[in-house]
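*Asks:* Sequence first, then the predicted structure:
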Amino acid sequence: QKEVEQNSGPLSVPEGAIASLNCTYSDRVSQSFFWYRQYSGKSPELIMSIYSNGDKEDGRFTAQLNKASQYVSLLIRDSQPSDSATYLCAVRGAGNMLTFGGGTRLMVKP
Amino acid sequence: GAGVSQSPRYKVAKRGQDVALRCDPISGHVSLFWYQQALGQGPEFLTYFQNEAQLDKSGLPSDRFFAERPEGSVSTLKIQRTQQEDSAVYLCASRSRGQGGTGELFFGEGSRLTVL
């Protein structure tokens, strides 16, 4: 079992809809959680970080964390075709490195 | 520089050749990470430096992989006797703070290695 699990997708949503991306992790001592967006052929870029249980909103993005369930999610409201990319969930435990999931490919159809 | 710079962007090697991949992190960044990303997969951790010290090399897949950061800035990832399974994008990332610190991880554009 991988330490960070994501559905590989593709997740297809119509333009203007809410896209919901999910991630589970296995290490209970994980402290920090991140969502990265990666366009094809490009490097990952950070879009959200979350450190405590609950919701964190930033523009059209909302990250949700539930440490008891070892679950983190990303909601994208009013999805745009430019949001089409692979979304990587990353978790930082007691060490220094981030452990990434395999990514979920999101396709937003006009 | 303004961001993390990696070179070469693309490298084609024949099986058995040695390759060297360079990473120039953001100036002043203490932490430097190397990741390997296979096609369609998420990045996999290879190794971590805090300044010139290699504090974690647990992700290096074999003794053919070697990384260094002798002066605490530029880092080189060397792969000896390349194999086809080494084909991947090698990502370098840096962070301003050291061990235990928070802060965003900034990635370079990656070096795409293809081993024929």
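*Replies:* Sure thing, it's come through. Source: prediction; values computed, not measured. Numbers count the residues shown, from 1 in each chain, chains lettered A, B, ... in the order given.

*Asks:* How much space separates the most centrally placed residue in chain B from residue A:87?
*Replies:* Most central in chain B under CA atoms, centre = their mean is residue B:34, positioned 3.2 Å from the mean C-alpha point. Distance, residue B:34 to residue A:87, by CB to CB, to the nearest Å: 22 Å. For glycine as for every other residue, the C-beta is placed from the backbone atoms N, C-alpha and C.

*Asks:* Output the below-cut-off pLDDT ranges for chain A.
*Replies:* A:1 (pLDDT under 70).

*Asks:* Next: chain B.
*Replies:* B:1, B:99-102.

*Asks:* let's go with 80 and repeat that
*Replies:* Applying pLDDT under 80 to chain B flags residues B:1-2, B:98-103.

*Asks:* Flag every residue of it that's near chain A.
*Replies:* Within reach of chain A by CB under 8 Å from any CB of the partner chain, chain B has these residues: B:31, B:33, B:35, B:40-45, B:48, B:50, B:55-56, B:59, B:91, B:99-100, B:102, B:104-105, B:107-110.

*Asks:* and residue A:82, helix, strand or coil?
*Replies:* Three-state call for residue A:82 (DSSP: H, G, I helix; E, B strand; the rest coil): helix.

*Asks:* Any idea how many residues pack against the closest residue to it other than its chain neighbours?
*Replies:* Sequence neighbours aside, residue A:108 is the residue nearest to residue A:82 in space, at 7.8 Å (criterion: CB to CB, 6 or more residues apart in numbering or on different chains). Residues lying near residue A:108 (other CB atoms under 10 Å in any protein chain shown) number 20.

*Asks:* and if you look at residue B:68?
*Replies:* 14.

*Asks:* ok, it touching residue B:76?
*Replies:* Yes - at 5.7 Å, residue B:68 counts as touching residue B:76 under the criterion of CB atoms under 8 Å.

*Asks:* Keep only those of the residues of chain B next to chain A that are in strands.
*Replies:* B:31, B:33, B:35, B:44, B:45, B:48, B:50, B:55, B:56, B:91, B:107 (DSSP state E).

*Asks:* Could you write me a PyMOL select line covering just the buried ones among these?
*Replies:* Burial among those is assessed by 16 or more other CB atoms under 10 Å in any protein chain shown; the matching PyMOL selection reads:
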select buried, chain B and resi 31+33+35+44+45+48+50+56+91+107
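
*Asks:* from the ones in strands among the residues of chain B next to chain A, which is closest to residue A:25?
*Replies:* Residue A:25 has its nearest neighbour among those in residue B:45, at 14.6 Å by CB to CB.

*Asks:* Who does the closest one form a beta bridge with?
*Replies:* residue B:35 (DSSP bridges).

*Asks:* Contacts only, for it.
*Replies:* Listed by CB atoms under 8 Å, 6 or more residues apart in numbering or on different chains, the contact set of residue B:45 reads A:97, A:98, A:99, B:33, B:34, B:35, B:58, B:59.
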